[in-house]
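K.L.:
Pasting the sequence and the predicted coordinates here, then a few questions.
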Amino acid sequence: MPSSTMQNPLSPDYGLKSGVLSQIEIIAQSLANIAPTAGPAMVVPLVIASSGKAAWLVFLLATFSVFLIALNINVLARSSSSPGSLYGLVHEQFGRGPSVVAGWALLIAYVGTAAAVTGGLTNYLHALFGGLSQPSIAFSSITTAIGLGVACILAYRDVRLSARLMLWTEAVSIALILVLFFLPGRGSVLHYDAAQFALSNFSAHQLKSGLVLAIFSFVGFESATAMGVEAADPLRAIPRAVWATALFSGVFFLISAYAENLALDGRLDNLAISGAPLQVMAKLRGASLLAPLISAGSIVSFFACALASITAGARTLFLMSRDGHAFRNCGKAHERRKTPHVAVIAVTAAAVIPAVLLCLRGVNPFDLNGWLGTVATYGFLTVYALVCFAAPVKLRNEGRLSPGAILIATSALIIVGGTFWLSADLSAPTPDNWLPFLYLGLLAVGTLISVMRRRL
């Protein structure tokens, strides 16, 4: 039966379009939420600056770590589908209390990601048309508001249109970056670099310095789980999308780290002062004509990430509201478009407000991306930890718990906890040292809203 007409018999009638998204469209949702173009554009250079020649190994370790988390997610996703992302999966195992924490943590994560990537959107749009200087306050504010507004309209109108747009924009932007890496010509053509495999480069300090940043670049890889109603054959399509996104992104980031180390060796100072690292690399490679194309690809990739975050966040809020944990109106679906339209507007508004306020205060795009992205990452890590507890509980209840499953869940928990601990640097300069407390405050406010909502 074609996917456009296939129904999902495992989910109740939420009022959303059922079974309309194909396997590749489900993968597009998770892939867009990572915004893989943001890796080589903004994260990989920072990992290289921290870990030097060991950057590729850092991404290999990060990929393995994220894959362990994906295995725990898929223990739950293979037998349950809902529109509530990981919130719904945690709710089925632990009930109201832990699921409320998971739900608000996810909302903070998706809203924070949607707001954070406007920094990349603004930065590369300005680089394309206005050079490498810092964009003005007016330019940043207007671009942020328009970008999130357009994403809201698309998420409001049609889930298939959104999925297809995310698929093609990510495919084109990734292809352009790979062309830059593999293109023969001036500069460091991709080749075997013995220095990047020398054991002297693989110190514990170098690996630790870049690992947190590398793991941060994967957050959001699980967002396909938000499409449990709209996916055709969700119990197969969603687990495949989760592990495929983790592995594909990991390989892409690893190649990016290796290639950028070759091209930017000794030129990290030039990279650090640039607002558009991939444009600098294109010029170093003698491929200046690719620079505006890569900037355009980066722009649409950051936009696709905002769209994917709003899409996943709206479905989380939608299910939470239907379960009585959030605002009643956000649990409504549009009668004609079959989208969680009220939740889409609410999530977009929650992303627009902090992003535009920071722009109006003159915060540069990299700081905006870093601050809001860090708060969002704490949300993802919180939910990943709950999932790693939930997976062995589910297996135990079904009589399928094995030593291997315990090892996978324990290893993933150690990774998640270690990442949270290392990233929450209270000795960092302000406002970075406030961000863990800001996240905990937002989580507490959300939980209080759920408690009050249940009592009304």
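P.N.:
In hand now; what should we look at? Residues are numbered from 1 along each chain as shown.
K.L.:
residue ranges with poor pLDDT in the stretch 251-400 of the chain?
P.N.:
Across the stretch 251-400 of the chain, the stretches falling below the confidence threshold (pLDDT under 70) are 265-277.
K.L.:
Tell me which stretches of it form helices.
P.N.:
In the stretch 251-400 of the chain, the segments counted as helices under DSSP state H, counting those that start in this stretch are 268-272, 277-284, 290-322, 341-360, 365-397.
K.L.:
Columns mean neighbour count on top of those, output as TSV?
P.N.:
Quick note: C-beta positions are derived from backbone N, CA and C, even for glycine. Rendered in TSV, the data for the helices of the stretch 251-400 of the chain read as follows (neighbours: other Cβ atoms under 10 Å):
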stretch	mean neighbour count
helix 268-272	14
helix 277-284	23
helix 290-322	27
helix 341-360	21
helix 365-397	22
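K.L.:
Quick one, which of those gets closest to residue 150.
P.N.:
Residue 150 lies closest to helix 290-322 among these, at 7.5 Å (Cβ to Cβ).
K.L.:
which helices and strands sit right next to that closest one?
P.N.:
Secondary-structure packing of helix 290-322 (3 or more Cβ pairs under 8 Å, 6 or more residues apart in numbering; DSSP states H and E): helix 23-34, helix 38, helix 85-94, helix 96-130, helix 137-157, helix 159-182, helix 277-284, helix 341-360.
K.L.:
and with 6 Å instead?
P.N.:
Counting contacts by 3 or more Cβ pairs under 6 Å, 6 or more residues apart in numbering; DSSP states H and E, helix 290-322 packs against helix 23-34, helix 85-94, helix 96-130, helix 137-157, helix 159-182, helix 277-284, helix 341-360.
K.L.:
contact partners of stretch 153-172?
P.N.:
Outside of stretch 153-172, the residues within contact range by Cβ atoms under 6 Å, 6 or more residues apart in numbering are 20-21, 25, 28, 31-32, 230, 297, 300, 304, 307-308, 310-311, 339, 341, 344.
K.L.:
In this structure residue 405 contacts residue 395, no?
P.N.:
Yes. Here residue 405 reaches residue 395: they are 5.3 Å apart, a contact under Cβ atoms under 6 Å.
K.L.:
end-to-end on stretch 48-63?
P.N.:
As for stretch 48-63, its first-to-last residue distance stands at 16 Å under the measure Cα to Cα, to the nearest Å.
K.L.:
So for stretch 213-224, mean pLDDT?
P.N.:
For stretch 213-224, the mean per-residue pLDDT is 90.
K.L.:
What is the burial count for the nearest residue to residue 350 once chain neighbours are set aside?
P.N.:
Nearest non-adjacent residue to residue 350, counting by Cβ to Cβ, 6 or more residues apart in numbering: residue 111, 4.6 Å away. When neighbours are counted by other Cβ atoms under 10 Å, residue 111 registers 30.
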